[in-house]
Structure formats: C-alpha cells, structure tokens
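**Student:** Structure for this input, please:
(one chain, ligands or ions: 3)
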Amino acid sequence: MASRDIPAAEIAAVLDSMGVAGVVSAERYGSGHINATFKVETAGGKRYILQRVNTDIFPDGKMLEETVRRVTSHLQSKGVPSLEVVAYENPWRLYAFLEGYTSRDVVEKPEQAYDVGRAFAKFQNDLADLPAPRLGEIIPRFHDTPDRMRQLDEAAAADVRGRKAGCLAELAFAEARRAECSKIVDLMAKGIVPERVTHNDTKINNVLVAPDGSAVVIDLDTTMPGSALFDFGDMVRTSTASAAEDEADLSKVFSKRDYFEALVKGYLEGAKFLNEAEKDNLAFAGRLSTFEVGIRFLADYLAGDTYFHTAYPEHNLVRARNQFKMVESMEEQAEEFEEIVSRYR
Ligand code: ADP
Ligand code: GN1
Ligand code: MG
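**Tutor:** Residues are numbered from 1 along each chain as shown. Ligands and ions are numbered 1, 2, ... in the order given. Got it, this is the predicted structure:
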C-alpha cells in the first residue's frame, strides 16, 4: 500500500510545484487512517494541509478530485465554510489550514456530540440540492454491510498471516450478528430508505469545530450517494464513545447515553428531511455502523493490515475488539436509545 514515509525531498518538490514559497516545516499531522497528511508552515506565517491521497484506496484520482471540487464549490456558493482547495496535483492536494477550529478523536462533553450532530445534518441538508450529475461512487459498496461480511469471510478463509486462531471469539461475535447486517441495504434496495448525498465517514475527527459550535465538515473523499443512516450511525460510533477507537482496556469502552442523547438532539434539529423509515432505524444504524467498522478492522487484521494505517502488529485486532465492545454496549442500551430517538423525532 502507499507508504506514509514520504521523502522530504518529494514533499519539497510538490510544494514548490504548487507555488508555496518559504516553507519552514512540513510535519505529519492528524490521526486519519487513510491518507498521508502534513501540516505546512511558511516563513510568511501561512499554514496549509498537504495530503497525498492513498491511491490504493482511491485509484480514480480524477473522480476524487471532481468530488472534492464539486462539493466544496457547492458549499462555498451557499456561503457555507468548507475546505479550501489551494492546489490539486493528483495524488497530492493542498488545502488552506482551517484556523481556529479543533479536531478531536473523542468527545469530552455532551455539547460536543450535539455540535457533531448539527454539523453533519447541515452538511447533508446543504448537499441535498447539489446539481446533477449524480456524484461518482468513489468506493463502490462502501456501506454494503453484507459485502463487508463477505470480505471478512474471505480474509478468514485465506488467513494469510496465520492470525485466525487468535481471533475465533471475534469471528464468532461477527457470525452471531450476520442475519441483521443486511437490514439497511435491504431497505435501500426496496426504496424505503432513500438515496441521498452523504459523507459516509462521519467520524468525529472529520469535523472541525470552533469554540462557538460552528463547524466545518472535512475529509470529503467518500462523499457520494448513500444513506443518511450510515452517516448517523458512524456519528454514534465515534461521538458516543467513552474512549478512543483503539483503547485496549475494554473496561473503559462503552457508548455513553448522555452523548447519544445530545447527538440525536443535534442531528434531528438539523435533519428535517428524514422520512419515517430513516427515523425508525437511527438507533439501529448506530449499532450496525459500529459493527461494520469492527468487521472491517478484523478483516484487515486477518488480511495482514493492508488497508488501515497501523502503529503496531495487533492494532487492527485491538480496534476490532474495541468496536465490538461498543456494539455490545449499544445492544444493552437498545431500549433506552430507542426511547431517546422517540422523544426527539
Ligand atoms: P484521512 O482520510 O486520512 O482521515 P483527513 O482528510 O481526515 O485524512 O485529514 C486528517 C486530519 O487532518 C483530520 O482529522 C484533521 O485533524 C486534519 N485536517 C485535515 N484537513 C484540515 C484542514 N484543512 N485544516 C485543519 N486540519 C485539517
Ligand atoms: C477511515 O479516513 P478516516 O481515518 O477518516 C475509513 C472509515 C472508517 C474509519 C475508522 C476511506 O476513516 O471508513 O470508518 O477509518 N475511511 C475509509 O476509523 O475507508
Ligand atoms: Mg479523516
């Protein structure tokens, strides 16, 4: 896969070609799992985010650039703050550094979950009138949970690293939930849950929030036709978590009800467009999205860590266990979560 260990000379050459003068530093930045991200500072005091897109995951650079350009232009035409593309030279791109905002990996108080809910609801709302044509499907079947199960099955059958014997309990956890994993794709196939323009990667560090609650949605790479339910579900996964996605001490990992309530409130205040079937499935979507990411981490562990960036050999397994603990916590609170949704819908 594309390495994040990019020689300094290559970075310097790219910045030069993009017309950025007086570079004083270009440091690795953020905790995204996919792209190589650098914070660039110049002698003139300008700051940028430079990224090299992971071309293994996004082979169609042209489609990706088009998505980013169309989405940012549409938002800016409405006066909505968005990423500002300074230069784009596939697979590299340069964004203005969004000053005055905070990116976080874990919510620390309910108000932050509320802000996340509001931000992504607004994002979906703002893109509902994106002019034709339909956005490209940058990663086909991205939220096709049964297909993700199939990928897990394949990785377990191949067991290329001999890791399967060490995660039988996790495979059994996934197996026990196989039947329910097609619920949302089935509702979409029947047209009961509609296709919308969605972000598809609404984890908390993909929204930058200012102290006054105003927010900018970033990481637009997976913006494409999808379901609002997977957007909401991934918010539940990351914005109700008591601990980081890779916390290994599972006694510290659970889904916080007060954060869930704040998230639901923020999201439903903004997402007036949802139909009844979507509202009916919000709490379930939280469990399903968390399960889906859990099986993706597990499949990547079995396949030898080819997709997500990892910092140590068991990293993906630790993440999978963490996500499954989150699923269990949401299952235990299913009734309370449904009740919360019913109060705000
Ligand atoms: P990945 O796809 O690898 O997750 P992201 O586009 O999400 O990459 O960027 C990684 C991190 O870099 C984000 O979580 C955020 O903290 C930071 N970041 C990205 N773009 C900007 C920006 N324009 N201004 C400030 N921080 C940014
Ligand atoms: C990746 O790019 P990043 O770190 O924001 C992944 C998401 C997963 C997430 C799990 C393109 O998100 O789908 O939910 O990791 N992005 C892609 O943390 O696969
Ligand atoms: Mg990201």
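
**Student:** What lies in contact with stretch 116-126?
**Tutor:** Residues outside stretch 116-126 that contact it (C-beta atoms under 8 Å, 6 or more residues apart in numbering) are 74-75, 78, 80, 107, 196-199, 202, 204, 207, 209, 213, 215-217, 228, 231-232, 235, 239, 262-273. All C-beta spots, glycine's among them, are computed from the backbone N, C-alpha and C.

**Student:** ah, wrong one, I meant stretch 242-255
**Tutor:** For stretch 242-255, the surrounding residues in contact (C-beta under 8 Å, 6+ apart) are 105-106, 236, 238, 240-241, 256, 286, 315, 318-319, 321-323, 325-326, 329-330, 333.

**Student:** Distance from that stretch to the middle of the chain?
**Tutor:** Relative to the mean C-alpha coordinate of its chain, stretch 242-255 is positioned 18 Å out (C-alpha atoms, centre = their mean, to the nearest Å).

**Student:** Would you mind listing the buried residues in it?
**Tutor:** Ser242, Ala243, Glu245, Asp246, Glu247, Leu250, Val253, Phe254, Ser255 (16 or more other C-beta atoms under 10 Å).

**Student:** List just the nearest of those to Asp153.
**Tutor:** If you rank the buried residues of stretch 242-255 by distance to Asp153 using C-beta to C-beta, Glu245 comes first, at 23.5 Å.

**Student:** could you say which helix or strand contains the closest one?
**Tutor:** Following DSSP states H and E, there is no helix or strand that holds Glu245.

**Student:** Look up how far Tyr48 lies from it.
**Tutor:** Plainly put, Glu245 is 27 Å away from Tyr48 if you go by C-beta to C-beta, to the nearest Å.

**Student:** ok, of the contacts of stretch 242-255, which come out buried?
**Tutor:** Buried among these (16+ other C-beta under 10 Å): 236, 238, 240-241, 256, 286, 315, 318-319, 321-323, 325-326, 329-330, 333.

**Student:** So which residues on the chain come close to ligand 3?
**Tutor:** Residues of the chain lying near ligand 3 by C-beta under 5 Å from the ion: Gly32, Asn206, Asp219.

**Student:** what's the burial count for the last one?
**Tutor:** Yep, that's Asp219 we're talking about. Using other C-beta atoms under 10 Å, Asp219 is surrounded by 23 other residues.

**Student:** Residue of the stretch 101-250 of the chain nearest ligand 3, please.
**Tutor:** For the stretch 101-250 of the chain, the residue closest to ligand 3 is Asp219, as judged by C-beta to the ion, at 3.7 Å.

**Student:** which residues touch that residue?
**Tutor:** By C-beta under 8 Å, 6+ apart, the contact list for Asp219 reads Gly32, Asp201, Asn206.

**Student:** Go back to these and keep what's next to ligand 2.
**Tutor:** With the criterion set as C-beta under 6 Å from any ligand atom, the members of the contacts of Asp219 near ligand 2 are Gly32, Asp201, Asn206.

**Student:** Which single helix of this protein contains the most residues?
**Tutor:** If you go by DSSP state H, the chain has its longest helix at helix 282-303.

**Student:** State the mean pLDDT of the helix or strand that comes right after it.
**Tutor:** Moving toward the C-terminus from helix 282-303, the next helix or strand (DSSP H and E) is helix 315-332. For helix 315-332, mean pLDDT is 99.

**Student:** which secondary structure elements does the helix or strand just after helix 315-332 contact?
**Tutor:** Moving toward the C-terminus from helix 315-332, the first helix or strand encountered (DSSP H and E) is helix 334-344. Contacts defined by 3 or more C-beta pairs under 8 Å, 6 or more residues apart in numbering; DSSP states H and E place helix 334-344 against helix 257-270, helix 282-303.

**Student:** Highest mean neighbour count out of those?
**Tutor:** Highest mean neighbour count among those (mean count of other C-beta atoms under 10 Å): helix 282-303, with a mean of 25.

**Student:** Restrict it to CA atoms and write it as PDB.
**Tutor:** This file holds the C-alpha atoms of helix 282-303, laid out as PDB (Å, rounded to 0.1, in the frame of the first residue of the first chain):
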ATOM      1  CA  LEU A 282     -31.500   5.600  13.700                       C
ATOM      2  CA  ALA A 283     -30.600   3.700  16.900                       C
ATOM      3  CA  PHE A 284     -30.100   0.500  15.000                       C
ATOM      4  CA  ALA A 285     -27.800   2.300  12.500                       C
ATOM      5  CA  GLY A 286     -25.500   3.200  15.300                       C
ATOM      6  CA  ARG A 287     -25.000  -0.500  16.200                       C
ATOM      7  CA  LEU A 288     -24.800  -1.500  12.600                       C
ATOM      8  CA  SER A 289     -22.200   1.100  11.600                       C
ATOM      9  CA  THR A 290     -20.100   0.200  14.600                       C
ATOM     10  CA  PHE A 291     -20.300  -3.500  13.800                       C
ATOM     11  CA  GLU A 292     -19.400  -2.700  10.200                       C
ATOM     12  CA  VAL A 293     -16.200  -0.900  11.200                       C
ATOM     13  CA  GLY A 294     -15.400  -3.600  13.600                       C
ATOM     14  CA  ILE A 295     -15.600  -6.300  10.900                       C
ATOM     15  CA  ARG A 296     -13.500  -4.100   8.600                       C
ATOM     16  CA  PHE A 297     -10.800  -3.900  11.200                       C
ATOM     17  CA  LEU A 298     -11.000  -7.600  11.900                       C
ATOM     18  CA  ALA A 299     -10.800  -8.400   8.100                       C
ATOM     19  CA  ASP A 300      -7.800  -6.100   7.700                       C
ATOM     20  CA  TYR A 301      -6.100  -7.800  10.700                       C
ATOM     21  CA  LEU A 302      -6.600 -11.200   9.000                       C
ATOM     22  CA  ALA A 303      -5.500  -9.900   5.600                       C
END
